[in-house]
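Asks: Below are the sequence and a predicted model for it; my questions follow.
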Amino acid sequence: MSKVVVVGLAKSGIEAARLLASRKDTVFITELKDDAASRKSASLLVKEGAVKPQNIELGCHTDKFIKKADLMVVSPGVRRDASLIKLAEARKIPVISELELAYTMCPAPIVAVTGTSGKTTTATLISQMLKAAGFDAIVCGNIGNPFSGEIKKIKKDSIVVLEASSFQLELIDKFKPRVSIILNISDNHLDRHKDMNEYITAKCRIFLNQGRGDTLLLNRNDELLREIAGAVKGPHVKFFNEYKDFGPRHKILNEDFLASLSAASIMGADEAKMLEVLKNFKGIEHRLEHVANISGVDFVNDSKATNISSVEWALKSLEENIVLIVGGKYKGGDFGLLKPLVKKKVDCIISIGEARPQIKNGLDGVKPIFEARSFSEAVAEGFKRARKGGRVLLSPGCSSFDMFKNYEERGKIFKELVDEIRKSK
C-alpha cells in the first residue's frame, strides 16, 4: 500500500484516483480549481470511498501532501514545469502521468497513436477494424475516456488502442506499446511546450521503450518523421504510406486510413474486414461532421481541429466556396501556412476568440476577414456570407478554453446554433 498524490481532478485525475483506490493505495488529491465541477467530483470520490475528505485540497496546490507521498500521478492538463512537480522531484518522489499509471496495471498489448492531427480518427478506426476481425479492442486515452478508467475491462487477450497526447507522454517511464504510430508533427501546443523541440521530444517518447518485437509506424510524407526514422533504435520502423501497398492497391490516399490499416493488420486483422470498416466509416463527432444543409449551404462541424495542421487537413478534404470560422485560444503556430489553401478554397474568414490578432497577422490580404464579437455572431455571419452550394466550416485551429470548457462543448453549441438557423427558415 502506497500514499499517492493525484494532481488534477478532471477526467484523468478522477479515474486515476479510482484505480489507485482499487489497489488499496491511500489517495490524496490536489486541484488548483475550486469550482462547482471540482467540488462535485471530489464529493463523488469521497462518497465512493476512493479518498477521505481530509485528503483533498481544492483551490490551491500546497506541499502538505507531498511530504507524505510515495508517488505523484499528474493529469495531462498540469504543466510539466509546475512548482508542485518540481517539489516532488526535489524530494525524489517519482512523478508519472495517468497514462503511465494505467500501463503498469494493463495486462494487454497496446497500439498507441500520437501526432499533431488525426489521432482520434485513426484510433477509432483501428479499434473498429480489430473488433470487426473478432478482437476485444478497447479504445481509450486522450480520445475522451481515460486509460485508467478502462483497466477493469481489459483482459490478457484484449487489445488496447490508445490515443496519446504529448502531455501524457511527457511523464512516462516504462510505457511500451506493441505498435506505436506518429501520424505527423507540426507546430502545436507552443503555449504549453517551451519550443518546438520540446514538443517533438515529447511525441517521440511514444517509442522510447519499444524493442525488436515492436513496430513503429511513421509517415513517409512528413519530412521530420523521415529524419527521425533514420535515428530510431529498437523497434522495427515501417512507413504506413507504404505498408503492404494498401494505398496503391485500394486507391486510398487518406493518411489516417493508411495508418489504421497498417496497425490493425500488424495486430492480426483480416484485410477484407478492415476494408469493410473503411467503406462504412461515417467519421466521428466534431471532426468534419456534416451538421445540416440550409438553403443550399452545408454546415460542417470540425471543432476537434485544435491546431493549424488540422485546419489544413479540413480545407484539403472539402470542396471550395468555404466560409471558414477559425480562432479560439491561441496555441502557437503560423496561420500563414494556410495561405495557399485559403486563397484556393475559402471565400471569407470569420475569426473568433483570443487568436484574432494572430489570424489577422497570418492571413490578412488573402481573403476578407470578419472579426466576430461572439460565437453566435460568427455562425450567423457565416450563413449570411455563404453562397448557395458552398459551406460554413467551423475549423478553429485553436483550443476552446477562452470561450468553452472543451472542444466538445464548442461543437455542440455550433450544432445548436445551426439548428436555430434551420428553424428560423
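Replies: Yep, that arrived. Only a predicted model underlies this, so the values are computations on that prediction, with no experimental measurement involved.
Asks: so where do the helices sit in the stretch 151-300 of the chain?
Replies: 166-169, 196-204, 223-229, 246-250, 255-266, 271-280 (DSSP state H, counting those that start in this stretch).
Asks: Likewise for the stretch 301-425 of the chain?
Replies: Using DSSP H, counting those that start in this stretch, helices in the stretch 301-425 of the chain cover 308-317, 339-345, 356-363, 375-385, 407-424.
Asks: quick one, which of those is nearest to K52?
Replies: helix 407-424 (32.0 Å; Cβ to Cβ). (C-beta placed from N, C-alpha, C; glycine too.)
Asks: And the closest one, what does it pack against?
Replies: Judged by 3 or more Cβ pairs under 8 Å, 6 or more residues apart in numbering; DSSP states H and E, helix 407-424 is in contact with strand 289-294, strand 297-301, helix 375-385, strand 391-394.
Asks: Endpoint to endpoint, stretch 316-325 covers what distance?
Replies: Using Cα to Cα, to the nearest Å, one end of stretch 316-325 lies 16 Å from the other.
Asks: Now render the helices of the stretch 301-425 of the chain as TSV, adding mean neighbour count.
Replies: Below are the helices of the stretch 301-425 of the chain laid out as TSV (neighbours: other Cβ atoms under 10 Å):
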stretch	mean neighbour count
helix 308-317	22
helix 339-345	16
helix 356-363	18
helix 375-385	19
helix 407-424	17
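Asks: looking at those helices, which is closest to F207?
Replies: Of the helices of the stretch 301-425 of the chain, the one closest to F207 (Cβ to Cβ) turns out to be helix 308-317, at 20.6 Å.
Asks: What lies in contact with stretch 65-76?
Replies: By Cβ atoms under 8 Å, 6 or more residues apart in numbering, the surrounding residues in contact with stretch 65-76 are 2-10, 12-13, 16, 20, 28, 30, 55, 57, 84-85, 87-88, 91, 93-99, 101, 142, 165, 167-168, 171.
Asks: still on that earlier bit, can you redo the helices of the stretch 151-300 of the chain as CSV with mean pLDDT?
Replies: Formatted as CSV, the helices of the stretch 151-300 of the chain follow (pLDDT from 0 to 100):
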stretch, mean pLDDT
helix 166-169, 91
helix 196-204, 89
helix 223-229, 94
helix 246-250, 95
helix 255-266, 96
helix 271-280, 96
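Asks: Mind putting those into JSON lines with distance to S376 and mean neighbour count?
Replies: Output for the helices of the stretch 151-300 of the chain, formatted as JSON lines (distance: least, Cβ to Cβ, whole Å; neighbours: other Cβ atoms under 10 Å):
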{"stretch": "helix 166-169", "distance to S376": "31", "mean neighbour count": "25"}
{"stretch": "helix 196-204", "distance to S376": "34", "mean neighbour count": "18"}
{"stretch": "helix 223-229", "distance to S376": "39", "mean neighbour count": "15"}
{"stretch": "helix 246-250", "distance to S376": "42", "mean neighbour count": "15"}
{"stretch": "helix 255-266", "distance to S376": "32", "mean neighbour count": "26"}
{"stretch": "helix 271-280", "distance to S376": "35", "mean neighbour count": "15"}
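Asks: Now the terminal residues of stretch 308-324, how far apart.
Replies: 13 Å.
Asks: what's that stretch in contact with?
Replies: 116-118, 184, 186-188, 288, 300, 302, 304-305, 326, 333-335, 337-338, 341-342, 344-350, 382, 385-387, 389-393, 395-397.
Asks: Are any of those buried, and if so which?
Replies: 116-118, 184, 186-188, 288, 300, 302, 304-305, 326, 333, 335, 337-338, 341-342, 345-350, 382, 385-386, 390-393, 395-397 (16 or more other Cβ atoms under 10 Å).
Asks: Just put the helices of the stretch 151-300 of the chain in a markdown table and tack on distance to Y407.
Replies: Below are these laid out as a markdown table (distance: least, Cβ to Cβ, whole Å):
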| stretch | distance to Y407 |
| --- | --- |
| helix 166-169 | 15 |
| helix 196-204 | 19 |
| helix 223-229 | 25 |
| helix 246-250 | 30 |
| helix 255-266 | 18 |
| helix 271-280 | 25 |
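Asks: Could you list the low-pLDDT ranges of the protein?
Replies: Residue ranges of the chain with pLDDT under 70: 187-195.
Asks: Which residue ranges make up each domain of the protein?
Replies: 3-93, 100-280, 289-424 (automatic domain parsing).
Asks: distance between the last one and the chain's centre?
Replies: Okay, so that is domain 289-424. Offset of domain 289-424 from its chain centre (Cα atoms, centre = their mean, to the nearest Å): 19 Å.
Asks: picking up where we left off before, ok, which of the helices of the stretch 151-300 of the chain comes nearest F404?
Replies: helix 166-169 (19.0 Å).
Asks: Packing partners of the closest one?
Replies: strand 95-97, helix 98-103, helix 196-204.
Asks: Can you add distance to V160 and give the ones you listed back as TSV?
Replies: Below are these laid out as TSV (distance: least, Cβ to Cβ, whole Å):
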stretch	distance to V160
strand 95-97	16
helix 98-103	9
helix 196-204	19
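Asks: Brilliant, that's me finished.
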